[in-house]
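Participant: This is a predicted model, with the sequence first.
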Amino acid sequence: HNHLVGLLTRMSKPMHEVTEAIWATAGAMNEHLAMTAYSRMGQMLSDMNERALHETLFRTLRSHESAHKSFYAAYATEVMGRMQQWQRRLVRVVVQHTYLPVGAGAKRDRDAFARTVEVLVGERWDAQLVAPIQQVAERLLHDGHQMDPFVRRAVMKCLRTSPEYSGVAFGGTSSR
């Protein structure tokens, strides 16, 4: 028992660091997604001459999301910088296999996510949403080197759960 307790105790700090890095990386990725959504919603309101709502909500929200993203990214960078190689690999694998966009983690929420994507970016979802978030992940998890397109898979998983929005624009086979 003493050997097992000693092993678990020695693993406690490294595993806590792994958890922190996963949390901070996913946080930075999701804050970037929120920033993209708020920017697009703000532009839509501006185009409709809804200046007051645009100024009150989205100009302020975007600045807060930017600060949140910076916090998460800085924290992830700090934690990853003090980790051993095996810890960094573990963080990368866990994030790659568990990431889902904010607001779409539960299956029941994925249809609403798909509708939101359709309204905000439509067929440009890959370039507007996926590519920038993938870049955030690659910068934080893999020193800017290209990774498996796991963000695209995660977004497609959400989009394909919506029968109404699983058409050609989202990589499906049905038409709308």
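Facilitator: Nice, I can see it.
Participant: Can you pull the poorly scored residue ranges out of the protein?
Facilitator: 1, 4-5, 8-9, 163-176 (pLDDT under 70).
Participant: Next secondary structure element downstream of the lengthiest helix in it?
Facilitator: The helix that spans the most residues within the chain, counting by DSSP state H, is helix 2-47. Helices and strands here follow DSSP states H and E; after helix 2-47, the next one along the chain is helix 51-53.
Participant: Can you give me the neighbour number for the residue lying closest to residue 162 once chain neighbours are set aside?
Facilitator: Among residues not flanking residue 162 along the chain, residue 114 sits closest, at 3.6 Å (C-beta to C-beta, 6 or more residues apart in numbering). (C-beta placed from N, C-alpha, C; glycine too.) Neighbours of residue 114 under the rule other C-beta atoms under 10 Å: 23.
Participant: surely residue 114 meets residue 157?
Facilitator: No: at 10.4 Å, residue 114 and residue 157 do not qualify as touching, with contact defined as C-beta atoms under 8 Å.
Participant: right, and the secondary structure at residue 102 would be what?
Facilitator: coil (DSSP: H, G, I helix; E, B strand; the rest coil).
Participant: please begin residue numbering at 20 from this point
Facilitator: Fine by me, first position is 20 from now on; the one you just mentioned is residue 121.
Participant: Next, give phi and psi for it.
Facilitator: phi -60, psi 140 (degrees, to the nearest 10).
Participant: measure the closest residue to it other than its chain neighbours to residue 109 for me?
Facilitator: Leaving aside its chain neighbours, residue 121 sits nearest to residue 49 (3.7 Å; criterion: C-beta to C-beta, 6+ apart). Counting by C-beta to C-beta, to the nearest Å, the gap from residue 49 to residue 109 is 20 Å.
Participant: What number of residues are in the vicinity of residue 145?
Facilitator: Residue 145 - counted by other C-beta under 10 Å - has 18 other residues nearby.
Participant: How about the contacts made by the closest residue to it other than its chain neighbours?
Facilitator: Nearest non-adjacent residue to residue 145, counting by C-beta to C-beta, 6+ apart: residue 171, 6.6 Å away. If you count contacts by C-beta atoms under 8 Å, 6 or more residues apart in numbering, residue 171 has them with 145, 149, 153.
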